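**Q** got a sequence here, can you build the structure:
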Amino acid sequence: MKKVFILFIGVLAMSVSDAQNLNDVVRYSTENLNGTARFRAMSGAFGALGGDFSAFSINPAGSAVFSTSEVTISLSNYNNDNDASYFGTTTNRNESEFDLNQAGIVFVFNNMGDSDWRKISLGLNVQNNDNYYNNFFATGTNTSRGIADYFVTFANGQALGDIAQLPGESDTDTYLFLGENFGFAAQQGFLGYEGFVINPDVDNNSNTTYNSNADYSNGAIHDYIVQSSGFNRKYTFNIAAQYRDNLYLGLNINSHDVDYRERRVLIESPVNTNSGLQYAEFSNELYTYGTGISFQVGAILKLQNVRLGGSYQSPTWYSLNDELVQGLSTDFRNPTDPTEILRSDIFPNVVNAYREHRIVTPGNLTGSIAYIFGKSGLISFDYTLKDYANAKLRPTNDFIQANADIENQLQSTSSYRIGGEYRIKQLSLRGGYRFEESPFQNNSSVGDLTGYSLGLGYNFGSFSLDLAYDRSEQTRNPQLFQVGLTDRANINNINSNVTLSATFKL
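**A** Alright, predicted model coming up:
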């Protein structure tokens, strides 16, 4: 078994790589529709309603609407259906998984004596802000560029004498040394040069410019595989109170836990049979983990059959760590005998562990209104305003360009959620619709999201069961790499989920 080395290097050395960029800020600033079945069945339009664990994750005043102490547990099946288009070729990947995505308990204290404060509630809810389980596969013939463009971009400016492997050195030795002394770009130059993907313009140690060893005159066949997993989990500690008969106030303190894993593999075969580079398989495995903290305040006002709600979600202050593992395998023509095909496998077995960095996500404001049709049902509407351009990467001196990109490319967004419920004795029928604007000004990486939901519930008295189905659709256009090979795979993602919740009154 090979030993794995851990290399601790600064964030600045990786700021131009595929981690700690604009897309990461959007990932950790986005909250998907998660939580209880009742909440999801109404597309999350609960800001003015309360009485649900996921509802008080939107408006903390909602826990004071509970009449008794309760426990709710929710199990979901997540399904992602991805149609990927790359240079005219379309592929599909459809996969699913189960997850216990929500669990909560609330204690309601109704006996407040002669005070105008009618009751106080204390709640704890754990649920996923987002589930990162998602896979897609894109394939097609790129007509002009390939992986050599990625390595040339990083190698240019690096002296050949620095990135070339010395006699007797192992791949691990060289990769470690370059990371410690020259940074991420030199590591990429080493992989490209020693993998015979790129050539120096001049074969001497002082050379700092490079060219492709691949012939892309007829294009290159690409297979691009992305597999991600993990979660962004929120632990909500809630306190809320009812004042007289019509006002509810609440506060949440939230702790966030991030665990994100992503594996990306590009497999390339230049179409031209005379190409020096015949085949390349380049893998990058990223692991991001860390914690965050945020708070929320909210209020609900009850006016006869109308409910009005308002809440503020603070920015989330994340402290995150990134680890990256790389590997490269190539087939190439022997420089001294072009009729012979040689093999190179460079797997340094080094974990690049980067200095902790911080992301400050944007806060948001939510306004809500609901109408209650007596005991027969209700209809509810939520509007949320969030300005993604307010997000920040820190330390700011390490992310000057990334923060400029955030300000120039991201925008203020509006989200709309509408939901309804109709009751027939103990049976409840539910439905909802939601729309979320893209955080990108030109929709270049992520498009608008639209979704709908359906569900039902049955109240057995001290016990109830709720079932929901929700579906959303969104286009995503990720670049293969941040530099060099920057072509995009066009992904149409359909995310559908089935959630079952069980609620017990205490």
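**Q** what's the separation between the closest residue to residue 185 other than its chain neighbours and residue 452?
**A** Spatial nearest neighbour of residue 185, excluding adjacent residues (Cβ to Cβ, 6 or more residues apart in numbering): residue 154 at 4.5 Å. C-beta: built from backbone N, CA, C; applies to glycine. For residue 154, the distance to residue 452 equals 45 Å [Cβ to Cβ, to the nearest Å].
**Q** please verify my assumption that residue 348 contacts residue 177.
**A** No - Residue 348 lies out of contact with residue 177 (Cβ atoms under 8 Å); the separation is 10.6 Å.
**Q** following the chain onward from the longest strand along the chain, which element is next?
**A** Determined from DSSP state E, the single longest strand within the chain is strand 277-303. As assigned by DSSP states H and E, the chain's next helix or strand after strand 277-303 is strand 306-313.
**Q** returning to that earlier point: so between residue 348 and residue 177, which is more surrounded?
**A** Between residue 348 and residue 177, counted using other Cβ atoms under 10 Å, the more crowded position is residue 348 (25 against 18).
**Q** now do the SS call for the more buried one.
**A** coil (DSSP: H, G, I helix; E, B strand; the rest coil).
**Q** ok, now residue 190?
**A** helix.
**Q** what about it, how many neighbours?
**A** By other Cβ under 10 Å, 28 other residues sit near residue 190.
**Q** now do the longest strand of the chain: which elements does it pack against?
**A** Contacts defined by 3 or more Cβ pairs under 8 Å, 6 or more residues apart in numbering; DSSP states H and E place strand 277-303 against helix 147-155, strand 247-270, strand 306-313, strand 317-334.
**Q** tabulate those (CSV), appending mean pLDDT, distance to residue 94 and mean neighbour count.
**A** Putting those into CSV (pLDDT from 0 to 100; distance: least, Cβ to Cβ, whole Å; neighbours: other Cβ atoms under 10 Å) gives the following:
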stretch, mean pLDDT, distance to residue 94, mean neighbour count
helix 147-155, 97, 28, 26
strand 247-270, 97, 18, 19
strand 306-313, 98, 33, 20
strand 317-334, 96, 28, 19
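**Q** which one of those lies nearest to residue 35?
**A** strand 247-270 (13.7 Å; Cβ to Cβ).
**Q** about what we covered before: could I get the helices and strands packed on strand 277-303 as JSON lines with distance to residue 482?
**A** JSON lines is the format used below for the helices and strands packed on strand 277-303 (distance: least, Cβ to Cβ, whole Å):
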{"stretch": "helix 147-155", "distance to residue 482": "9"}
{"stretch": "strand 247-270", "distance to residue 482": "12"}
{"stretch": "strand 306-313", "distance to residue 482": "30"}
{"stretch": "strand 317-334", "distance to residue 482": "13"}
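**Q** wait, doesn't residue 117 sit right on residue 247?
**A** No - contact criterion Cβ under 8 Å: residue 117 and residue 247 do not qualify, at 10.0 Å.
**Q** out of the helices and strands packed on strand 277-303, which comes closest to residue 231?
**A** Nearest of the helices and strands packed on strand 277-303 to residue 231, taken as Cβ to Cβ: strand 247-270 at 5.8 Å.
**Q** what's that closest one packed up against?
**A** strand 220-243, strand 277-303, strand 317-334.
**Q** just after the helix or strand that contains residue 469, pick out the following helix or strand.
**A** Following DSSP H and E, one finds residue 469 within strand 463-476. For strand 463-476, the following helix or strand on the C-terminal side (DSSP H and E) is strand 490-505.
**Q** ok, residue 119 - contacts?
**A** Shown in contact with residue 119 (Cβ atoms under 8 Å, 6 or more residues apart in numbering): 64, 108, 109, 110, 112, 241, 242.
**Q** how about the residue of the chain most remote from its centre, secondary structure?
**A** Among residues of the chain, the one most distant from the C-alpha centroid is residue 114; the distance is 48.9 Å, by Cα atoms, centre = their mean. Under three-state DSSP, residue 114 falls in the coil class.
**Q** how about the closest residue to residue 175 other than its chain neighbours, what does it touch?
**A** Once flanking residues are discounted, residue 175 sits nearest to residue 348: 3.7 Å by Cβ to Cβ, 6+ apart. By Cβ under 8 Å, 6+ apart, the contact list for residue 348 reads 5, 171, 172, 174, 175, 176, 326, 327.
**Q** which pLDDT does the model give the nearest residue to residue 110 once chain neighbours are set aside?
**A** The spatially closest residue to residue 110, leaving aside those adjacent along the chain, is residue 119, at 4.7 Å (Cβ to Cβ, 6+ apart). The model reports residue 119 with a pLDDT of 94.
**Q** repeat that for the one 10 residues further on.
**A** We note a pLDDT of 90 for residue 129 in this prediction.
**Q** what's the angle from the helix or strand harbouring it to strand 220-243?
**A** Taking DSSP H and E as the criterion, residue 129 maps to strand 117-131. Put simply, strand 117-131 runs at 180 degrees to strand 220-243, going by axes from the mean of the first three to the mean of the last three Cα atoms, to 10 degrees.
**Q** please save the CA atoms from strand 117-131 in CSV.
**A** Below are the C-alpha coordinates for strand 117-131, written out as CSV (Å, rounded to 0.1, in the frame of the first residue of the first chain):
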residue,chain,number,x,y,z
TRP,A,117,-46.9,36.5,26.5
ARG,A,118,-49.2,33.5,25.8
LYS,A,119,-46.5,30.9,25.2
ILE,A,120,-42.8,30.2,24.6
SER,A,121,-41.3,27.5,22.4
LEU,A,122,-37.8,26.1,22.3
GLY,A,123,-36.9,24.1,19.2
LEU,A,124,-34.0,22.1,17.7
ASN,A,125,-34.1,21.2,14.0
VAL,A,126,-31.5,19.5,11.9
GLN,A,127,-31.9,19.4,8.1
ASN,A,128,-29.9,19.6,4.9
ASN,A,129,-29.5,23.0,3.3
ASP,A,130,-28.4,21.1,0.3
ASN,A,131,-27.6,17.6,-0.8
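**Q** next SSE downstream of that strand?
**A** strand 134-142.
**Q** what comes into contact with that following strand?
**A** Under Cβ under 8 Å, 6+ apart, the answer for strand 134-142 is 80, 82, 84-89, 91, 93, 95, 216, 219-228, 271, 485, 487, 489, 491, 493.
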